[in-house]
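Visitor: sequence plus predicted model, see below.
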Amino acid sequence: MTHKPLLIALDGPVSAGKSSLADAVARRLNILHLDTGAMYRAIGLAALQQGIDPADEQAVSNLVESGRVEVDVRFADGHQQTLLNGSPVDDLIRSQQVGSAASTVSRYGPVRRYLVARQQAIARQQSMIIDGRDIGTVVLPGARAKVFLTASPEVRARRRYEQIRGTDPAATYEAVLSELIQRDRQDRERPLDPLRQAEDAVLLDTTGFSFDQSVEAILRIVEAAYGQAR
Ligand code: DC
């Protein structure tokens with residue numbers, strides 16, 4: 001039996017659990033998961049590696065427009081590899097420093113235009129769940145299933161703190177919370193493609209939910225959008 005291609009847009013603020021939930025949903029539906037934040041992180045990394053201050057809009061824009069950075073993804077065994085100029089960079093893009101550079105460079109028009117076009121091209125090829133900030137509003141406004149994830153800043157900071165405390169003994173819950181609130185503000189208040197819920201997205205507040213309950217809730221939203229057939 002052939003299936004209609006599935007496109008699921010999953011947006012929400014930092015540490016709402018988008019990436020791990022999207023992974024779990026992708027496994028359940030046997031589709032791919034595209035993490036678009038990784039692509040912004042790759043551009044942030046490229047700037048840092050080339051000694052460019054991420055806050056220097058002109059220099060970062062030149063870098064992208066000159067074709068000196070190329071960001072791509074490929075999927076191996078269902079898992080995304082993020083490529084910067086052909087080399088996998090997934091191990092280099094998860095630090096706070098690169099996350100903050102990504103948040104800064106994601107404000108610039110040339111960066112957004114370049115990555116949105118790439119993401120749309122990737123999504124044309126197969127069924128996917130795509131997580132980001134502007135998927136339901138800009139990248140795939142026509143996606144049938146759109147979820148806007150949220151949870152209180154305290155719950156998100158607690159989850160993030162639990163994730164990083166093993167590898168970063170200097171981390172404190174208070175510092176994580178304040179960085180998260182600042183990042184939320186930066187993502188929501190930027191003029192280009194800010195983080196916001198699409199009008200036809202379903203709001204899912206996972207504050208009181210376990211991980212498994214959140215996965216089930218997303219699957220129900222997808223079923224409601226695409227029907228039970230899958
Ligand atoms: O989801 P993340 O933390 O990996 O994303 C890193 C940064 O990239 C985030 O601060 C905002 C930006 N981003 C964006 O502007 N649009 C997207 N679709 C995904 C991420």
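Guide: Thanks, I have the structure now. Numbers count the residues shown, from 1 in each chain.

Visitor: okay, CA-based contacts and neighbour counts for the rest of this
Guide: Noted.

Visitor: got the buried residues for stretch 113-129?
Guide: By 16 or more other CA atoms under 10 Å, the buried positions in stretch 113-129 come out as 115-116, 118-119, 122-123, 127-129.

Visitor: keep only those of the residues you listed that are in helices.
Guide: When DSSP state H is applied, the buried residues of stretch 113-129 are split such that 115-116, 118-119, 122-123 fall in helices.

Visitor: what's next to stretch 145-161, contact-wise?
Guide: With CA atoms under 8 Å, 6 or more residues apart in numbering as the test, stretch 145-161 has contacts from 7-18, 136, 171-173, 176-177, 180-181, 197-198, 200-207, 218, 221-222, 225-226.

Visitor: filter the residues you listed by proximity to the ligand?
Guide: Among the contacts of stretch 145-161, the residues that sit close to the ligand (CA under 6 Å from any ligand atom) are Val14.

Visitor: buried ones only from the contacts of stretch 145-161, please, as a PyMOL command.
Guide: This is how PyMOL selects the buried members of the contacts of stretch 145-161, with burial counted by 16+ other CA under 10 Å:
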select buried, resi 7+8+9+10+11+12+13+14+15+16+17+18+136+173+176+177+180+197+198+200+201+202+203+204+206+207+218+221+222+226
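
Visitor: picking that back up, the buried residues of stretch 113-129: which two are farthest apart?
Guide: Largest separation among the buried residues of stretch 113-129 by CA to CA: Leu115 and Ser127, giving 18.9 Å.

Visitor: show me what from this protein comes close to the ligand.
Guide: Residues of the chain lying near the ligand by CA under 6 Å from any ligand atom: 14, 36-38, 40-41, 99, 102-103, 106, 132-135, 187.

Visitor: cheers, nothing more for now.
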